[in-house]
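Chemist: With the input below, show me the fold.
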Amino acid sequence: MPTEIKCPNCGHPFEPNDAIREEVEKELRSKAADWQKKKNEEFQIKLEEERKRLQQTLEETLRKTISSDFENKLRLLEQNNKDNEEKLKQARQKELEFLKKEQELKNKEAELEINVQKQLQREREKLTEEIRKIEEQKTVNKEAEYQLKIKELEKQRDDQKKLADEMRRKAEQGSMQLQGEVQELALEEMLKAAFPFDMISEVGKGVRGADCIQTVRNNFGQECGKIIYESKRTNAFTTDWIEKLKADMRSLGADIAVIVTKTMPKEMDSFGIKDGVWICSFIEVKALATVLRDGVVRVFNAAKSNENRGDKMHLLYDYLTGNEFSEQWKAIREGFMNMKLSIQKERDAMEKLWKAREKQLEKVLLNAAHIRGSIEGISGTDVDLDLLGDGNDDLQLD
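Modeler: Here you go, the predicted structure:
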């Protein structure tokens, strides 16, 4: 919990902020340096006094004792000098360690700040990507509706020029048939643009059968199969469409049948298959057609690969036992082994780095605990020094 500090002049309590903490830390470091300097001076004075006293004692002893006493006293003086020098060395070493620990703590705080900023940046990028995808989906939906509207207006314009009387009759009966014709034209143009190698055939008005036939061709121009499409743009879905399209599929020798409808069946929220016929909206038909077409080509290729299987097996056996395949496989194996060794070296290096960082973090936490104890001993109040920020650090004081 935050620690309150009372003003020494007015007695008003207040919580220390970063600026106050910084001032306190500067004052503590200054006092620690002054104290260390004073102790060093006192120690030098005492050391000099001790040397003088020992020297006087030695001179008096030399006058009173024999040669053996002189040697004993001389060894004792040298030992005392060594002890005093060792104590001074230890004091300086402790001061150096304290400065190093203070610098390590500052480095850790800077590293934590950098990690926090990186995490915030990643979250902002993730949120931006999600918003961008939502906006793109909205744009696609609007674009599809816009294209349908454009086609509808173009159809209206052409029909007005050619068949004014027919347009008046259609206006009286409603625009359902017109909308259906517009979607048929848009469907044909979309398929032609998406699959330029395929043959897209329109079934004329009054002719029994589907509205559109897609003859699928592979990269070699071979016919792999047929997909028929029935376009519906009504406010209700009728199950009779499925049976009619299945009959058309059998009569035309098609492999797959698709109904493109404005209104989906009640039990379907998006595209799917029902009683052997695929059903989708106009927005979904391009993606569905791509998947179905790929399936038709794969089935054709699988059937084609079974032809002349015996000859192909001999050719395959000759290739696998030949020198070309052997050399290529050796190259692949060498590349794989090199990649494996490289990955292992990287893993070993990273594990070594992680271990070193764990040791550094342990030192930082231990040194921070020592600093906290020193500050509490001087100020007499609890200090919040939670480095991890989750309330579980040993440095967090309640």
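Chemist: so how far is the strand or helix carrying Lys37 from its chain's centroid?
Modeler: For Lys37, the host element (DSSP states H and E) is helix 18-64. Distance of helix 18-64 from the chain centroid (C-alpha atoms, centre = their mean, to the nearest Å) equals 58 Å.
Chemist: Same question for stretch 139-147.
Modeler: Per C-alpha atoms, centre = their mean, the centroid offset for stretch 139-147 relative to its chain is 31 Å.
Chemist: Could I get the buried residue list for that stretch?
Modeler: Buried residues in stretch 139-147, counted by 16 or more other C-beta atoms under 10 Å: Ala144. Placement of C-beta: from N, CA and C, glycine included.
Chemist: returning to that earlier point: tell me the first helix or strand C-terminal of the helix holding Lys37.
Modeler: Next helix or strand after helix 18-64 toward the C-terminus (DSSP H and E): helix 67-162.
Chemist: Quick one: list the elements packing against that next one.
Modeler: Applying 3 or more C-beta pairs under 8 Å, 6 or more residues apart in numbering; DSSP states H and E, one finds that helix 67-162 contacts helix 18-64, helix 164-173, helix 176-194, helix 282-305, helix 323-379.
Chemist: which one of the ones you listed has the lowest average pLDDT?
Modeler: Between the helices and strands packed on helix 67-162, the one with the least mean pLDDT is helix 164-173; it has a mean of 58.
Chemist: Identify the nearest residue to Cys280 in space, disregarding sequence-adjacent positions?
Modeler: Nearest in space to Cys280, with sequence neighbours left out and distances taken as C-beta to C-beta, 6 or more residues apart in numbering, is Phe271 at 3.5 Å.
Chemist: Next: Asn84.
Modeler: Of all residues not flanking Asn84 in the chain, Leu47 sits nearest, at 5.3 Å (C-beta to C-beta, 6+ apart).
Chemist: what's the angle between the helix holding Lys37 and helix 67-162?
Modeler: Put simply, helix 18-64 runs at 160 degrees to helix 67-162, going by axes from the mean of the first three to the mean of the last three C-alpha atoms, to 10 degrees.
Chemist: just the angle between helix 18-64 and helix 323-379, please?
Modeler: Interaxial angle of helix 18-64 relative to helix 323-379 (the same axes, to 10 degrees): 80 degrees.
Chemist: just checking, what packs against helix 18-64?
Modeler: Helices and strands touching helix 18-64, by 3+ C-beta pairs under 8 Å, 6+ apart, are helix 67-162, helix 323-379.
Chemist: Any idea which of the ones you listed gets closest to Glu25?
Modeler: Glu25 lies closest to helix 323-379 among the helices and strands packed on helix 18-64, at 8.2 Å (C-beta to C-beta).
Chemist: Show me what the closest one is packed up against.
Modeler: Checked by 3+ C-beta pairs under 8 Å, 6+ apart, helix 323-379 has helix 18-64, helix 67-162 packed alongside it.
Chemist: Can I get the helices and strands packed on helix 67-162 in a markdown table including distance to Asn115 and mean neighbour count?
Modeler: Compiled in a markdown table, these are given as follows (distance: least, C-beta to C-beta, whole Å; neighbours: other C-beta atoms under 10 Å):
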| stretch | distance to Asn115 | mean neighbour count |
| --- | --- | --- |
| helix 18-64 | 19 | 12 |
| helix 164-173 | 68 | 11 |
| helix 176-194 | 47 | 18 |
| helix 282-305 | 41 | 16 |
| helix 323-379 | 12 | 12 |
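Chemist: and of those helices, who's closest to Lys101?
Modeler: helix 323-379 (3.7 Å).
Chemist: which residues touch the most centrally placed residue in the chain?
Modeler: When C-alpha atoms, centre = their mean is applied to the chain, the residue found nearest the centroid is Arg122 (7.3 Å). Arg122 is in contact with no residue at all, counting by C-beta atoms under 8 Å, 6 or more residues apart in numbering.
Chemist: Let me know how buried Leu74 is, in neighbour terms.
Modeler: Leu74: 14 surrounding residues under other C-beta atoms under 10 Å.
Chemist: ok, it touching Thr61?
Modeler: No: with contacts counted by C-beta atoms under 8 Å, Leu74 stays clear of Thr61, the gap being 9.9 Å.
Chemist: measure Lys31 to Gln222 for me?
Modeler: For Lys31, the distance to Gln222 equals 91 Å [C-beta to C-beta, to the nearest Å].
Chemist: no, scratch that, I was asking about Glu59
Modeler: The gap separating Glu59 from Gln222 is 119 Å, by C-beta to C-beta.
Chemist: Ok, Asn338 next?
Modeler: 42 Å.
Chemist: Now do the SS call for Phe197.
Modeler: Three-state call for Phe197 (DSSP: H, G, I helix; E, B strand; the rest coil): coil.
Chemist: Tell me the confidence at it?
Modeler: We have a pLDDT of 89 for Phe197.
Chemist: got the contact list for it?
Modeler: Contact analysis of Phe197 by C-beta under 8 Å, 6+ apart lists Arg217, Asn218, Asn219, Gly221.
Chemist: Mind checking which of those residues land in strands?
Modeler: Arg217 (DSSP state E).
Chemist: Let's verify the residue nearest to Val299 when sequence neighbours are not counted: helix, strand, or coil?
Modeler: Take Val299 and drop its neighbours on the chain: the residue closest to it by C-beta to C-beta, 6+ apart is Gly225, 7.2 Å away. Under the three-state scheme (three-state DSSP), Gly225 adopts strand.
Chemist: And for Val258?
Modeler: Look at Val258: counting by three-state DSSP, its state is strand.
Chemist: Quick check, pLDDT for it.
Modeler: What the model reports as pLDDT for Val258 is 92.
Chemist: Roughly how far does it sit from Val216?
Modeler: 13 Å.
Chemist: So which of those two has more stuff around it?
Modeler: Neighbours per residue (other C-beta under 10 Å) separate Val258 from Val216, with Val258 holding more: 27 against 24.
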